[in-house]
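Novice: Pasting the sequence and the predicted coordinates here, then a few questions.
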Amino acid sequence: MYISNSADITPDKIDEILKELSKLVSNPTSIKVLTDKLPEIKKLSKRDIVKKIRGYYKAQTLVLVLGAGVSMDFGIPNWDVLLQKLLITTIKNEETTSTVLSKLFTNLFSPSPLIAGRYLQKYYDDKKLSFEEAVRNVLYENLDIDKNSPLLDEIVKLCVAPGKSPNIDSIITYNFDDILEQRIEKVKLELPYKSIYGIGMNPNGQLPIFHVHGYLPQSGKISSDNQITFGETVYHKQYTDIYSWNNIVQINKFRDANCVFIGSSLTDPNTRRLLDIARRQKGEDEHSHFIFKMRHKEPIVKMRLELLLRENKELLGEKIDANLELDKTVKLLIEIIERFEETDTESFGVKTIWIDEWSEIPEILKEIRTKN
């Protein structure tokens, strides 16, 4: 929400926005009129949501959909760091200079992962080197597989819950790594599972772990089956081929099962498209999927708003500055953005579970697993 970064908002418009905002937050009636106009959301308590998910778990229709947030505790780099480190490999200067240049390039210009991926894949193709090997080397460079992770521990326990095994339908992961598989192996329990990352791979009664964006295990040989969705070429191929194995898996699970998105922002265009397709095929309005989302932190939003005010201090009269009650303004802005985010996910049949800290997720998963 960095308004000053928008090319369409001039200083005069910022001044106008802030004046109107100062009037608004000082008038409770105006605030109510505004919030009444926001998209309507059917409220469900966290307790009711957990109860619904527990029902899906017991019916063995529950699918865990895992994003990057699940792996980062173990030292797996996020997109920015992964791009920085891969860009270093394409620069011929000594390592310190390369590191500085790649960080500056990424931070200043924020290149699209798809565009950067296309460049990197072309670089490695031209050099007749394995792009997947290069990504794997960077991916596991700082891995600490023994790191304490209550979240992944609970995910593993859901996979190996006593009684019927497995109790979940399957796992879809957008991550390249095999951290989940390694952690399953560490519990030393009899859990038949199969990592699926290419056409013709069948679970045969085992718990399927679908790596729909490709799979790069820490050890072992990498083949053409391990191709990852990183650059535009592969992404476009996957996007246009509705009958590719990974698209079919996602459509089937989004349509026929009940998914819980963990560590995912639900911003990937292909995932959103597949959710739309599945929703149309299902033909139901019920929200049968769920996503954990972190609430916007008031101190962070307040800091950004204060920065905006400082950047435009010369535009503000003392009266406007005094009347702009920051705490009320921040609460109002957060309510607006969260209402719109929630409306967005609901349009795909996905109900938002708002959390204040990531530590809440393993507690909720444990409740799903253990409560009757």
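Specialist: Structure received.

Novice: and Phe261, helix, strand or coil?
Specialist: When states are read from DSSP: H, G, I helix; E, B strand; the rest coil, the local structure at Phe261 comes out as strand.

Novice: quick one, longest helix in the chain?
Specialist: When secondary structure is assigned using DSSP state H, the longest helix within the chain turns out to be helix 326-346.

Novice: strands paired with the first helix or strand past it going along the chain, and their directions?
Specialist: Toward the C-terminal end, the helix or strand that comes next after helix 326-346 (DSSP states H and E) is strand 350-355. Pairing partners of strand 350-355, with direction, according to DSSP bridges: strand 289-294 (parallel).

Novice: For Asn142, list the residues it contacts.
Specialist: With contacts defined as C-beta atoms under 8 Å, 6 or more residues apart in numbering, the neighbours of Asn142 are Gly75, Pro77. (Each C-beta comes from the backbone N, C-alpha and C, glycine too.)

Novice: how far away is it from Lys194?
Specialist: Distance check for Asn142 against Lys194: by C-beta to C-beta, to the nearest Å, it reads 28 Å.

Novice: for Ser98, same thing?
Specialist: From Ser98 over to Lys194 the distance is 39 Å, taken as C-beta to C-beta.

Novice: what's the answer for Glu181, then?
Specialist: Counting by C-beta to C-beta, the separation of Glu181 from Lys194 is 10 Å.

Novice: out of these two, which sits in the busier spot?
Specialist: Of the pair Glu181 and Lys194, Glu181 is the one with more neighbours under other C-beta atoms under 10 Å, namely 18 against 15.

Novice: Do I have it right that the more buried one meets Ile209?
Specialist: Yes - the pair Glu181 and Ile209 passes the contact test of C-beta atoms under 8 Å, sitting 6.7 Å apart.

Novice: and for the two, which residues touch both?
Specialist: Common neighbours of Glu181 and Ile209, using C-beta under 8 Å, 6+ apart, are Tyr193, Ser195.

Novice: okay, which residue is most central for the protein?
Specialist: Of all residues in the chain, the one closest to the mean position by C-alpha atoms, centre = their mean is Ser264, 2.1 Å from it.

Novice: Find the nearest non-adjacent residue to it, please.
Specialist: Excluding the flanking residues, the one nearest Ser264 by C-beta to C-beta, 6 or more residues apart in numbering is Gly67, at 3.1 Å.

Novice: Now do the same contact list for the one you found.
Specialist: Taking C-beta under 8 Å, 6+ apart as the contact definition, Gly67 lies against Thr173, Tyr174, Asn175, Phe261, Ile262, Gly263, Ser264, Ser265.

Novice: ok so, going back, give me the mean pLDDT for the longest helix of the chain.
Specialist: When pLDDT is averaged over helix 326-346, the result is 86.

Novice: One more: stretch 360-372?
Specialist: Averaged across stretch 360-372, pLDDT comes to 90.

Novice: helices and strands of this structure: which one bottoms out on pLDDT?
Specialist: helix 318-323 (a mean of 48; mean pLDDT, DSSP states H and E).

Novice: neighbour-wise, which of the contacts of Gly67 leads?
Specialist: With neighbours defined as other C-beta under 10 Å, the most crowded of these is Thr173; it has 28 neighbours.

Novice: Who are the contact partners of the closest residue to that one other than its chain neighbours?
Specialist: Once its chain neighbours are removed from consideration, Thr173 has its nearest residue in Leu66; the separation is 4.3 Å (C-beta to C-beta, 6+ apart). Contact criterion C-beta under 8 Å, 6+ apart gives Ile155, Ile171, Ile172, Thr173, Tyr174, Asn175, Leu180, Ile262, Gly263, Ser264 as the residues in contact with Leu66.

Novice: Check Leu66 and give its pLDDT.
Specialist: What the model reports for Leu66 is a pLDDT of 97.

Novice: Is it bridged to anything, and to what?
Specialist: Beta-bridge pairing of Leu66, defined through DSSP bridges, involves Thr173, Ile262.

Novice: roughly how far apart are it and Leu326?
Specialist: 37 Å.

Novice: what does Glu141 give?
Specialist: With the distance defined as C-beta to C-beta, Glu141 ends up 42 Å from Leu326.

Novice: quick one on the thing from earlier: list the residues that are in contact with both of Glu181 and Lys194.
Specialist: Ile209.

Novice: got the residue ranges for the strands in the protein?
Specialist: All strands of the chain, identified by DSSP state E, fall at 62-66, 170-173, 193-196, 207-211, 258-262, 289-294, 350-355.

Novice: Next, the buried residues of stretch 297-304.
Specialist: Applying a neighbour-count criterion of 16 or more other C-beta atoms under 10 Å, the buried positions in stretch 297-304 are Val301, Lys302.

Novice: Alpha carbons of that stretch, in CSV - could you do that?
Specialist: Presented in CSV, the C-alpha positions along stretch 297-304 are these (Å, rounded to 0.1, in the frame of the first residue of the first chain):
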residue,chain,number,x,y,z
LYS,A,297,0.0,-5.9,11.4
GLU,A,298,-1.1,-2.6,12.7
PRO,A,299,2.4,-1.4,13.6
ILE,A,300,3.7,-2.1,10.1
VAL,A,301,0.8,-0.4,8.4
LYS,A,302,1.2,2.5,10.7
MET,A,303,4.9,2.8,10.0
ARG,A,304,4.1,2.8,6.2
